[in-house]
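Q: Give me coordinates for this.
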Amino acid sequence: MTFLAISGSARRASTTTALLRALQSAATPAHTITVFDRVGELPIFSPDRELPSPPDSVAELANAIADADGLIVASPEYIRAIPGGLKNAIDWLLSCDALIDTPIVLAHASHRGDDMLGQLRLVLGTVSTRFNEAMFLRVPLMKKTPEEIARLLSKDASQTELLDFLTRFAAYCGSAD
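A: Predicted coordinates:
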């Protein structure tokens with residue numbers, strides 16, 4: 001099963017991206033995870049730019065989603081909302097139908113952020129017929145460095161939690177909802 005994991009953070013030393021990298025490292029051969037950590041590099045969405053075809057960076061992201069069995073979205077909260085870069089990426093993806101039938105789940109690297117998560121659930125539940133709101137991975141990692149996160153999530157208990165999440169998501173992706 002192949003998954004694409006999108007980090008909603010534009011920060012290089014992002015806690016959110018570090019969580020997704022740890023999830024990628026925890027994957028067994030049964031699960032392949034590619035991390036997309038470049039939402040900040042996508043051009044600003046404009047309907048005038050989507051036809052006849054979207055910019056190359058947007059087309060690459062849409063193709064990566066089309067090639068994946070499922071999508072894991074993780075994001076920090078910025079001022080109690082979805083970060084602009086992630087919302088921009090979703091706007092682009094909506095214009096090319098990449099999300100409609102894609103199984104999607106959320107992961108979150110903080111003990112807080114519920115306002116943003118509520119907004120993200122609303123948006124993803126609107127654009128995808130396969131968004132699974134109930135399947136959710138939350139690991140409180142705020143204020144930790146990517147290296148600390150890698151060490152913490154390499155421990156047996158954490159590995160079990162990460163693998164359980166991936167196994168449940170793989171089963172969901174394989175089901176005909």
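
Q: any residues touching the lowest-mean-pLDDT helix or strand in the chain, and which ones?
A: Lowest by mean pLDDT, DSSP states H and E among the helices and strands of the chain is helix 146-153, with a mean of 91. With contacts defined as Cβ atoms under 8 Å, 6 or more residues apart in numbering, helix 146-153 is touched by 13-15, 17-19, 21-23, 25-26, 109, 139, 141, 144, 158-159, 162. Placement of C-beta: from N, CA and C, glycine included.

Q: Show the contacting residues for the nearest residue to Gly8 once chain neighbours are set aside.
A: Closest residue to Gly8 apart from its sequence neighbours, by Cβ to Cβ, 6 or more residues apart in numbering: Ser75 at 2.8 Å. When contacts are counted by Cβ under 8 Å, 6+ apart, Ser75 is found next to 7-9, 16, 82-83, 86, 108, 116, 120.

Q: May I have the secondary structure class of the residue positioned nearest the centre of the chain?
A: The centre of the chain sits closest to Val73, judged by Cα atoms, centre = their mean, with a distance of 1.7 Å. Following DSSP: H, G, I helix; E, B strand; the rest coil, Val73 is assigned to strand.
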